[in-house]
Structure formats: C-alpha cells, structure tokens
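Engineer: Give me a model of this one.
(one chain, ligands or ions: 1)
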Amino acid sequence: MIKKKPQRSTGRGKARPSPPPRLVEVQITAIGARGDGVARLGDDQVFVPFTIPGDKVVARIEGKRGDGLAAALVEVAEPGAGRVEPPCPHYGRCGGCSLQHLDDDLYDAWKRDLLSTQLSRHGLGDIPVGEMVRIPPGSRRRAVFAVHRSKNATHLGFNARASHTIIDLDDCLLLERPLASFLAPLRAILTETVPAGEDGDVTVALTENGLDVLVEMDARLDLFDREKLAAFADANDLARLSWRRPGSGFVEPIARRKPAMVRFAEIGVEPPPGNFLQPTRGGEQAIARLVVDAIGAAKSVADLYCGCGSFSLPLTRTGAHVHAVEGDEAPIRVLEAAANQSGLKLSTEVRDLARRPLMAHELKKYQAVIFDPPRAGAQAQAEQLAESGPGIVVAVSCNPATLARDLAILVKAGYRIVSVTPIDQFPFSPHLEAVAVLRRD
Ligand SMILES: C[S@@+](CC[C@H](N)C(=O)[O-])C[C@H]1O[C@@H](n2cnc3c(N)ncnc32)[C@H](O)[C@@H]1O
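Structural biologist: Numbering: from 1, shown residues only. So this is what the prediction gives:
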C-alpha cells in the first residue's frame, strides 16, 4: 500500500473542527446513498462503512461528515440479517467496492431504493422503479488504475476509500479476466520504464482485438523506453498502447498493432485512446435495447452526449435518421468514419450541450431525443426539452440524483414517465446506471 501524492489544497474554505476520536456502540438502521451504514448517536447521524441495518457495532468516531459524523467500523458485536462474508480479500481497504457484505436481496433492494429515494426527493415518489438489470461481477471491460512508482516497486490498483493511497491489486473480481491478468505484466513494464517518484493513471479497455492501453504519466520516454514498450505490446498481443503526459492534448502512439475495435450493433468503431465506453458490454447492450425499444417507429432521433455512438449506431438500424451530438471532437470523428463506411443515415455535431443545449426551434426536427450526460446531468438541455421537446424522450444516467432532477423538469412540463429501469453495471459500489422513458402527447 502506498500513498499517491495528494492534490495540492486550494486553501479555500475553513477546516471544520473535528470531534476527538472515541469509541461508541451504535445500532445501524439504514444504508445511506454512499453505501455506508447509518446510525443515530444522540442528535447526530453517524456513518459507519461496511455495516447493514440491524448490525450492532463498535465504531470509532473519526470526524465530521456533512451534518453528521464519520466513523470507522471496529467490530460487529451483533450482525443484522442479510450480512454475508465478502468474497474479495482486498475488501474493506480497496475503494472499488463498498457493498460486498450484503446478501443478494438486501443488495438488490438497497440499489433500487437509491433511485426511488432520489425520485421522491424531486416529487416523483409515485413512479415505480422497474426490476433491476443485474450485470454480474467479472464483466468490467474498461478500468482506470492508479499508479505510483516508488523507489523499489510499482504500486498499481485502485485508490483506497476517500484517499490517495493505492491498494496494490494482483486480481479484482469486478474485471473481465483479460484485464485482471494484465495487472502483473503491466506492473512489471512500468517498473522498467518509469522513474521513481512518478504518479499517474492507466486506462485499459478490452476490445475485440485485444487490450487498448493508455498510460498517463509525466515521465519522459527515451528511445530505449519506447522500444521496450513496443516489445511489451507485442509480447502481450495488445491492440494498441499509447502514452500521454497529463495536461497535454497529444497522445503518443507507442504501438498500434491491430484496430482497437468495439462494435455497436455489429458496426465496428475504433474509439480514441482512453475514450469513454460503458464499463460493461452487458450494461451497454441493456441500455441500447431500452433506448431502441423506446423510440419505436420514430424516424428522426437526436442522440445527445453520444460518445462514439453506443446508442446512435443501434438506432440507425431502426431506419431512423440519427443526429449524434457530443462535446468532444475525437469520438465524433470516429463515429462519422464508421457511419460513412457503412452508409448509415447519421449526421454529427460537436457541441457543448451544457453551454449550448439544442434549443426549442432545433428540437422541433426530432420525433425522439435521447440524452446520456456525465454525472452532472443535463439540466440546461432538459429545460429546452421541457419547452419544446418531442413526444418521446429517453434519459440515460449514471447519477440518480441528477437524473431525478432532470426528470422533474420534464414532468413539470407535461411529460409522463413510462418506465425507469435501474441497470447495475457497477456491482458492489454505490453507483447505479438508469434509463427513464418519457412521453408527452
Ligand atoms: C456518460 S458518457 C455517454 C457516452 C455515450 N452515450 C456512451 O454510451 O458511450 C457522456 C458523454 O458526454 C460527453 N460530454 C461531457 N460533457 C459534455 C458537454 N458539456 N456537452 C456535450 N457532451 C459532453 C462526454 O464526452 C461523453 O462522451
């Protein structure tokens, strides 16, 4: 375990006084939105990670958290019903998972409740949340690993909870096997090529022609390093190996052995190095199915925040003309190339949708609109849709809080929510994907 260099503090905001560390006995009554057990201690709420409702625990109060107190679990004195043995040996230290100690029923109910709670907060408590689509552990096809090169070793894995400490991983039950078994050779090559003291990230994605690897580090490579890295790409049969110095827009191709190809509705696309992909193939397909079913016979569709076209391309298969809009130019160019090659009815646009959402007069061209924004959501776009959106809107989101906010804007403007489907493609974590289908006559 090693600490990555902490980000420099901005110096803004005053540190709140923390209570002195002390041991307390509490009874857990709920699990909060971040996956920690919640208990009461006098007038305070206490958050204790790795606990479930019904647990009686000894916890150590460690500081403030929001309006309540943060605590560490010391001992489970009496376990609640639904507690199970976590399957991973790194559990409790690694920040990748926080819900392995829940049995299946408790886990399923808690995850769906994440969505219901946010909907209720926005006045949509009467909307039923559909059955959760479960993507099993071991399906993660893309991951970003943290790296620190110390004097004697390379530390590679995920950060510990709320910390810059890297938990060294040699395996991870979330990952597809080719990603998990790449950890050891990746660590070895970084030890050979990166000088001590360097920190960075490595994004690894599984494509149909092997792994696509992007290293983001400040280390300067000499010719000898580049040769070693190219030989490493050959030895591990990588599709592509690229290097970027953080803050630089330039991605240096070290080895491009085969197209780093993924397929959306059988159409091949080669995403730019490190580009966003839905974390699991099963999750992406489940979302795409819901999107395609929802648009039905619509003939003109706008896919907003489209990335490389994980929904745009399946949508073209319905015969609809698709207008794909995205803030980042590189994925749009890749999508364009794929569409041109296959002669598809697809137009594209590079546009910052937070600053310049599609306006009412532009939205009139479409019979259906899909949006799949980053965690911050699509408030500006939802406001325009409220004013002049088409009869069908599909909202895809990885953040139940901003999804519920955006849905409330649409419902207030006369849309009705036909379905909300949670898709659990982040198992054992408090993250949840969801697809909401809305209609307005
Ligand atoms: C959650 S991803 C979804 C991508 C795609 N739908 C998919 O499934 O692969 C969000 C996408 O929104 C893009 N994005 C982020 N901020 C944006 C903005 N302000 N305007 C337009 N696109 C933005 C990102 O580049 C990313 O491709």
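Engineer: Stretch 375-394: how far from the chain's middle?
Structural biologist: 22 Å (C-alpha atoms, centre = their mean, to the nearest Å).
Engineer: Do it and the ligand come into contact?
Structural biologist: No: judged by C-beta under 6 Å from any ligand atom, stretch 375-394 stays clear of the ligand, getting no closer than 7.7 Å. Heads up, the C-betas are built off the backbone N, CA and C, glycines and all.
Engineer: for A298, what are its contacts?
Structural biologist: Contacts for A298 (C-beta atoms under 8 Å, 6 or more residues apart in numbering) come out as 318, 320, 366-368, 390, 392.
Engineer: change it to 7 Å
Structural biologist: By C-beta atoms under 7 Å, 6 or more residues apart in numbering, the contact set of A298 is 320, 367-368, 392.
Engineer: Likewise for L346?
Structural biologist: The contact partners of L346, by C-beta under 7 Å, 6+ apart, come to 312, 316, 322, 324, 339.
Engineer: need the residues of the chain near the ligand, please.
Structural biologist: Counting by C-beta under 6 Å from any ligand atom, the chain comes close to the ligand at 276-278, 305-307, 310-311, 326-328, 331, 352-354, 372-374.
Engineer: hmm, which of the residues you listed are the buried ones?
Structural biologist: 276-278, 305-307, 310-311, 326-327, 331, 353-354, 372-373 (16 or more other C-beta atoms under 10 Å).
Engineer: In strands, which of the residues you listed fall?
Structural biologist: Of the positions in those, E326 sit in strands, assigned by DSSP state E.
Engineer: How about the backbone phi and psi for D234?
Structural biologist: Dihedral angles phi and psi of D234 (degrees, to the nearest 10) take the values phi -60, psi -50.
Engineer: Just the pLDDT for it.
Structural biologist: On the pLDDT scale, D234 is placed at 98.
Engineer: Repeat that for P17.
Structural biologist: P17 is given a pLDDT of 63.
Engineer: My guess is A239 contacts T207. True?
Structural biologist: Yes: with contact defined as C-beta atoms under 7 Å, A239 and T207 form a contacting pair (5.1 Å).
Engineer: In the stretch 101-250 of the chain, mark out all the strands, start to finish.
Structural biologist: 133-134, 142-149, 154-159, 165-168, 199-207, 210-217, 240-244 (DSSP state E, counting those that start in this stretch).
Engineer: Neighbouring strands - and their directions - for the third one?
Structural biologist: Strand 154-159 has the following sheet partners, assigned by DSSP bridges: strand 142-149 (antiparallel), strand 165-168 (antiparallel).
Engineer: closest one to A378 among these?
Structural biologist: Among the strands paired with strand 154-159, the nearest to A378 by C-beta to C-beta is strand 142-149 (22.6 Å).
Engineer: Please point out which parts of that closest one sit buried.
Structural biologist: Here strand 142-149 shows 142-143, 145-149 as buried, counting by 16+ other C-beta under 10 Å.
Engineer: ok, of the residues you listed, which one's closest to the ligand?
Structural biologist: For the buried residues of strand 142-149, the residue nearest the ligand by C-beta to the nearest ligand atom is R142; the value is 10.3 Å.
Engineer: remind me, longest helix of this protein?
Structural biologist: Longest among the helix segments of the chain by residue count, using DSSP state H, is helix 104-121.
Engineer: Which neighbouring elements make contact with it?
Structural biologist: helix 400-412, strand 416-424 (3 or more C-beta pairs under 7 Å, 6 or more residues apart in numbering; DSSP states H and E).
Engineer: Can you name the residues in contact with the shortest one?
Structural biologist: Translated: strand 416-424. Under C-beta under 7 Å, 6+ apart, the answer for strand 416-424 is 111-112, 115, 127, 129-130, 132-135, 283, 286-287, 290, 407, 411, 432-439.
Engineer: pLDDT on the longest helix of the chain, on average?
Structural biologist: The average pLDDT within helix 104-121 is 97.
Engineer: tell me which residues of it are tucked away?
Structural biologist: Applying 16+ other C-beta under 10 Å to helix 104-121 flags 106-108, 110-119 as buried.
Engineer: repeat for stretch 292-304
Structural biologist: Buried residues in stretch 292-304 (16+ other C-beta under 10 Å): 292, 294-295, 298, 300-304.
Engineer: Ok, stretch 40-51 next?
Structural biologist: 41, 45-51.
Engineer: quick check: mean pLDDT across it?
Structural biologist: Averaging pLDDT along stretch 40-51 yields 96.
Engineer: what's the first-to-last distance across it?
Structural biologist: 14 Å (C-alpha to C-alpha, to the nearest Å).
Engineer: Likewise for stretch 34-45?
Structural biologist: Terminal residues of stretch 34-45 are spaced 14 Å apart (C-alpha to C-alpha).
Engineer: Please list the outside residues in contact with that stretch.
Structural biologist: 24, 26-32, 46-49, 51-52, 55, 67-69, 98-99, 430.
Engineer: What subset of those residues is buried?
Structural biologist: Looks like these have 24, 26-28, 31-32, 46-49, 51-52, 55, 68-69, 98-99, 430 buried, using 16+ other C-beta under 10 Å.
Engineer: if I look at the closest residue to P427 other than its chain neighbours, how far off is D103?
Structural biologist: Using C-beta to C-beta, 6 or more residues apart in numbering and skipping residues adjacent in sequence, the residue nearest P427 is P137, 4.9 Å away. The gap separating P137 from D103 is 15 Å, by C-beta to C-beta, to the nearest Å.
Engineer: likewise V435?
Structural biologist: In terms of C-beta to C-beta, V435 sits 26 Å off from D103.
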